[in-house]
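Student: Sequence first, then the predicted structure:
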Amino acid sequence: MIRMVEDVGAPVAVAAIDLIMEEVAPDYNQYASYALTAIGYIGGYLSKGGGFVKQLGVASLPLTARAIRDLVKGGTTKVGGRLTFRPIRNPIRQTAFDEFADVRVS
């Protein structure tokens, strides 16, 4: 039997918080997912808040896993759909000073 508040309400609340945080404060979106997961699992462990709080932690776990993966992966940020950090393909090898003409940038 599906319990509407616990089984449907908690994932809807997590999705709504994720979408709102992504629009309002994208820099703090990962912290919101950490907080939701911590509140859910700690509240469930301490038997506080009932099934809704426990399901809140369960529903927010994929968001937390994605945030941790992105943090460990390298932390590249996206701006406008393009990666911010890019390798330099053709570095400038010119110099105005003759004594630095043989210096190579690696």
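Tutor: All right, it came through fine.
Student: ok, now how distant is the residue nearest the centre of the chain from residue 31?
Tutor: Taking Cα atoms, centre = their mean, the centroid of the chain lies closest to residue 67, which sits 3.3 Å from it. Going from residue 67 to residue 31 by Cβ to Cβ, to the nearest Å gives 8 Å. Any C-beta I mention is one placed from the backbone N, CA and C, and that applies to glycine too.
Student: cool, residue 50 as well?
Tutor: 25 Å.
Student: what's the answer for residue 47, then?
Tutor: Residue 47 is 26 Å from residue 31, by Cβ to Cβ.
Student: More neighbours: which of the two?
Tutor: residue 31 (12 against 9; other Cβ atoms under 10 Å).
Student: and the helix or strand hosting the more buried one, how far from the chain's centre?
Tutor: Element membership for residue 31 (DSSP states H and E) is helix 29-45. Relative to the centre of its chain, helix 29-45 is centred 14 Å away, using Cα atoms, centre = their mean, to the nearest Å.
Student: And stretch 20-37, by the same measure?
Tutor: Distance, centroid of stretch 20-37 to centroid of chain: 8 Å (Cα atoms, centre = their mean).
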